[in-house]
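J.: show me the folded form of this:
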Amino acid sequence: MPAPHPPEFRRRAVELAREGTKPVAELAKDLGISQSCLRSWMTQADTDENGGSATRLTSAEK
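T.: Sure thing, here's the model as predicted:
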């Protein structure tokens, strides 16, 4: 199993994905991560920013 990416890397990847200048698949490839990984980070960032949801925990709650 690969080592986890640092939080700063994850935050920046999510920022770049949200800018929308590149498709998520292309950005993920450029960053050396899977598309599903990047989408998962984006979903978690949305959950964290919205204070959680009925179906997802925030990072702090985890």
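
J.: SS state for the residue located most distally from the centre of the chain?
T.: Most distant residue from the mean C-alpha position of the chain: Ala54, 19.5 Å away (CA atoms, centre = their mean). Following DSSP: H, G, I helix; E, B strand; the rest coil, we place Ala54 in the coil state.

J.: ok, it to Arg10 distance?
T.: 24 Å (CB to CB, to the nearest Å). C-beta: built from backbone N, CA, C; applies to glycine.

J.: how far does stretch 36-48 sit from its chain's centre?
T.: 4 Å (CA atoms, centre = their mean, to the nearest Å).

J.: for stretch 42-60, same thing?
T.: Here stretch 42-60 is found 11 Å from its chain centre; the criterion is CA atoms, centre = their mean.

J.: from the opening residue of that stretch to its closing one, how far?
T.: End-to-end distance of stretch 42-60 (CA to CA, to the nearest Å): 16 Å.

J.: got the phi and psi for the residue farthest from the centre of the chain?
T.: The phi and psi values for Ala54, taken as degrees, to the nearest 10, are phi -70, psi -20.

J.: next helix or strand past whichever strand or helix holds Arg11?
T.: Using DSSP states H and E, Arg11 maps to helix 7-19. Reading on from helix 7-19 to the C-terminus, the next helix or strand found by DSSP H and E is helix 24-31.

J.: for that next one, list the C-alpha coordinates in PDB.
T.: C-alpha atoms of helix 24-31 as PDB (Å, rounded to 0.1, in the frame of the first residue of the first chain):
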ATOM      1  CA  VAL A  24     -10.300  15.500 -13.300                       C
ATOM      2  CA  ALA A  25      -8.900  12.400 -15.100                       C
ATOM      3  CA  GLU A  26      -6.100  14.400 -16.700                       C
ATOM      4  CA  LEU A  27      -5.300  16.300 -13.400                       C
ATOM      5  CA  ALA A  28      -5.200  13.000 -11.500                       C
ATOM      6  CA  LYS A  29      -2.800  11.500 -14.000                       C
ATOM      7  CA  ASP A  30      -0.600  14.600 -13.900                       C
ATOM      8  CA  LEU A  31      -0.400  14.300 -10.100                       C
END
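
J.: noted, bye for now.
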